[in-house]
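*Asks:* next comes the sequence, and after it the predicted model I'd like to discuss.
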Amino acid sequence: MHKSSADTIARFTDLLMDAVCMVDVDGRFVFVSAACERIFGYTPQEMVGMRMIDLVAPADRERTLAAARAIMDGQPNSRFENRYVRKDGQLVYIMWSARWSEADQLRVAVAHDVTASKQAERMQYTLYAISEAAHASDDLPALFQRIHRIIGTMLPASGFAVALRDEQGKGLRFAYHVHAGGGAVPHALARWLGEEVLRGGAPVLLTPATMALAPPSVQAAAGAEPDCWIGVPLTTTQGDIGVLLLQGGDAPGQAGYTDQEQELLTFVSSQVATAIHRQQLHSMLRFMAQHDELTQLPNRRLFLDRLQMALARAQRHQGQMALLFIDLNKFKQVNDEHGHDCGDELLREVARRLKRCVRESDTVARLGGDEFVIIVEEVLVADDALRIVEKIHQVLAAPMRLGVGVSLAATASIGVAHYPEHGDDIHQLMRQADQAMYVSKLQETHPG
Ligand SMILES: Nc1nc2c(ncn2[C@@H]2O[C@H](COP(=O)(O)OP(=O)(O)OP(=O)(O)O)[C@@H](O)[C@H]2O)c(=O)[nH]1
C-alpha cells in the first residue's frame, strides 16, 4: 500500500471509538490503535510488545487462549467476551471481533468496551437478587447471609458486616459480621466507621490515605488488618436504620476500594435497607402473633407448637418430659387492692422469675390471666420436675417490689404431668397437668 494512504488509514483507525489490535503468532501486540489507551489505560507505545494474555483477567485466561487458538485455526469470532485488567487495576469488559490473517500471520481484532452495559446488567441482577432474597428469607440472619453472598459477587470483600441501630435508636448493634479469616467480633475500627457513617448520614470510603481520620486508638486496634473499608448508611423512608460495612480483600497486592465501588454499594444499599426493614417488620409481626404482650412470654399458640415438638422429640429419643401448669393464688386481690398496673407488674415479675427456674431450652409460656405453663424437656427422673416445683414456690415467696410502697409475695398452685407416665399426646398431658393443678388449688384454698 502507498505510504500516504496507509498513514490515512492509520489516522482513521485512531479516530475509531473501538480499539483495533493486531497480535502475532506468539501472542504479542504488534499494533494497537489510539482507543486502546482509553480502554486499557496503556498508550499504544506501552502496549506494543506486551503479551496479550498478561493483560487478561486471570480467571478468563484459559478460555481466552482457547478462543485465540480457534481463531488461528480459521474460525473467526465476532462475539467473544472477556475481561482485561487496566493499567490502573480496574476490570474492563471487552467484546471482541477477531479473525486470523494467514498471509500476515496476525490476529486482527476489534475491541468494544462493554463495561458500562455489563455493570448496568450486574446492577440490575443485584437489585433483583436482593429483592428476591427479601421474599425468600424466613428471618434476618438468613437475609443477611443472602445479601452477603449477592454483594460478594459484585465487590471483593474479606469482611462483611451489617450494624443496625439498637432499640433506643442510639447505638449500633452488629447484627451480622463475617470475616474470611473466621473472626466474627467487630473490631474497634468497624464500630468507629459504622458510627461515623451513621453520624454523617453519608457513605465513607476508608483507605490507607484517609485512615488518619480515625482516632489513634482505633488505628492501633486495627493493627495489621487490611485498612480499606466502605461504609454506607442503610436508608429507608423511616430514616437510617443502620450501616453496611465492607472490608477490602486481603489478598496480597489487591487494590483498595475506589469511588466507583463506593457508588455501586451506595446504589444497592437502599434496596438492602428496604429488604432488612421489611424483614424486621415481618419478624416483629411474627413475634407479636406468638407472644404475650404483657410478659413477652410465648402465648398459647406458640406453647402448643412447642409442646407438640417437645413431645415428638421425647418420643423419638425414648426420653421423658414434664408439663407444669401454674396458677397464681388470689391474684384477683392484687388487682382489687393495689390496682391493675400493680397486677400487671406482678405478672411480669412472675414471668421473669419462672424463667430463672428452668433451662434456656425449656419453655415458659403464659396461657392468659394468671395462668402459666412450663415445658421441661430432657427430664431424667420424676424428681427433676418436683425440684422445679419447689424452686418455683421459693422464688415466688420472695417479696416483689411493685411500684411505690407495694411489696408482695405470690403463691401458686402447680400441677405436673409426665410423659410417658400420664399420656402420650398433648391433650392427655394438658388435662392431667390441669387436674393436678386443680387438686393443688383445692388443697391450698381448703387445707385439711
Ligand atoms: N392485672 C392484670 N390482671 C389480669 C390480667 N388478665 C387477667 N387478669 C385478672 O386476673 C384475675 C384472675 O382471677 P382468678 O382466676 O379468680 O384468680 P385468683 O384471684 O388468683 O383466684 P384463685 O386462682 O382461685 O386463687 C381476674 O381478676 C382477671 O381480671 C392481666 O393481664 N393483668
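*Replies:* Cool, the structure landed.
*Asks:* and residue 419, what are its bridge partners?
*Replies:* In this entry, residue 419 is beta-bridged to residue 321, by DSSP bridges.
*Asks:* ok, it to the ligand distance?
*Replies:* Applying C-beta to the nearest ligand atom, to the nearest Å, the value for residue 419 to the ligand is 26 Å. Where C-beta positions appear, they are placed from N, C-alpha and C, glycine not excepted.
*Asks:* what is the neighbour count of the closest residue to the ligand within the stretch 251-400 of the chain?
*Replies:* Closest to the ligand within the stretch 251-400 of the chain is residue 343: 2.7 Å, counting by C-beta to the nearest ligand atom. Other residues lying near residue 343 total 21 when counted by other C-beta atoms under 10 Å.
*Asks:* what's the closest non-adjacent residue to it?
*Replies:* The spatial neighbour of residue 343 that comes closest, neighbours along the chain excluded (C-beta to C-beta, 6 or more residues apart in numbering), is residue 335 at 4.1 Å.
*Asks:* and that neighbour, what helix or strand is that in?
*Replies:* helix 331-338 (DSSP states H and E).
*Asks:* between helix 331-338 and the following helix or strand past that helix, find me the angle.
*Replies:* Sequence order places helix 340-356 as the next helix or strand after helix 331-338, per DSSP H and E. Put simply, helix 340-356 runs at 140 degrees to helix 331-338, going by axes from the mean of the first three to the mean of the last three C-alpha atoms, to 10 degrees.
*Asks:* counting by contacts, list what helix 340-356 packs against.
*Replies:* Where contact means 3 or more C-beta pairs under 8 Å, 6 or more residues apart in numbering; DSSP states H and E, helix 340-356 is packed against helix 331-338, strand 363-368, strand 371-379, helix 382-397, strand 400-401.
*Asks:* identify the single longest strand in this protein, thanks.
*Replies:* In the chain, assigned by DSSP state E, the strand with the most residues is strand 91-101.
*Asks:* who does that strand touch, helix- and strand-wise?
*Replies:* For strand 91-101, the packing partners by 3+ C-beta pairs under 8 Å, 6+ apart come out as helix 35-40, helix 61-72, strand 77-85, strand 106-113, helix 115-136.
*Asks:* how about that strand as CSV, C-alpha atoms only?
*Replies:* Below are the C-alpha coordinates for strand 91-101, written out as CSV (Å, rounded to 0.1, in the frame of the first residue of the first chain):
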residue,chain,number,x,y,z
LEU,A,91,-11.5,-4.5,35.2
VAL,A,92,-12.8,-3.8,31.7
TYR,A,93,-15.3,-6.0,29.9
ILE,A,94,-14.5,-6.4,26.2
MET,A,95,-16.5,-7.7,23.3
TRP,A,96,-14.0,-8.9,20.7
SER,A,97,-14.5,-9.4,17.0
ALA,A,98,-11.4,-11.2,15.6
ARG,A,99,-10.1,-13.2,12.7
TRP,A,100,-6.7,-14.6,11.6
SER,A,101,-4.8,-13.3,8.6
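*Asks:* flag every buried residue along it.
*Replies:* Buried residues in strand 91-101, counted by 16 or more other C-beta atoms under 10 Å: 92-96, 98-100.
*Asks:* equivalent analysis for stretch 441-448, please.
*Replies:* Within stretch 441-448, the residues scored as buried using 16+ other C-beta under 10 Å are residue 441.
*Asks:* picking up where we left off before, is it correct that the residue nearest to residue 343 is in contact with residue 341?
*Replies:* No. With contact defined as C-beta atoms under 8 Å, residue 335 does not reach residue 341; the gap is 9.3 Å.
*Asks:* these two - which one has more neighbours?
*Replies:* With neighbours defined as other C-beta under 10 Å, residue 335 and residue 341 compare such that residue 335 has more, 15 against 11.
*Asks:* separation between that one and residue 346?
*Replies:* For residue 335, the distance to residue 346 equals 9 Å [C-beta to C-beta, to the nearest Å].
*Asks:* next: residue 152.
*Replies:* Residue 152 is 51 Å from residue 346, by C-beta to C-beta.
*Asks:* have a look at these two and say which one is more surrounded.
*Replies:* Counted by other C-beta under 10 Å, residue 152 and residue 346 do not tie: residue 346 has more neighbours, with 24 against 14.
*Asks:* let me see the contact set for that one.
*Replies:* Contacts here follow C-beta atoms under 8 Å, 6 or more residues apart in numbering; on that basis residue 346 touches 331, 334, 400, 402, 408, 410.
*Asks:* same thing but at 6 Å, please
*Replies:* Applying C-beta atoms under 6 Å, 6 or more residues apart in numbering to residue 346 gives the contacts 334, 402.
*Asks:* how about the contacts made by residue 402?
*Replies:* Contact analysis of residue 402 by C-beta under 6 Å, 6+ apart lists 342, 345-346.
*Asks:* if we go to 8 Å?
*Replies:* So residue 402 contacts 338, 342, 345-346, 349, 408 (C-beta under 8 Å, 6+ apart).
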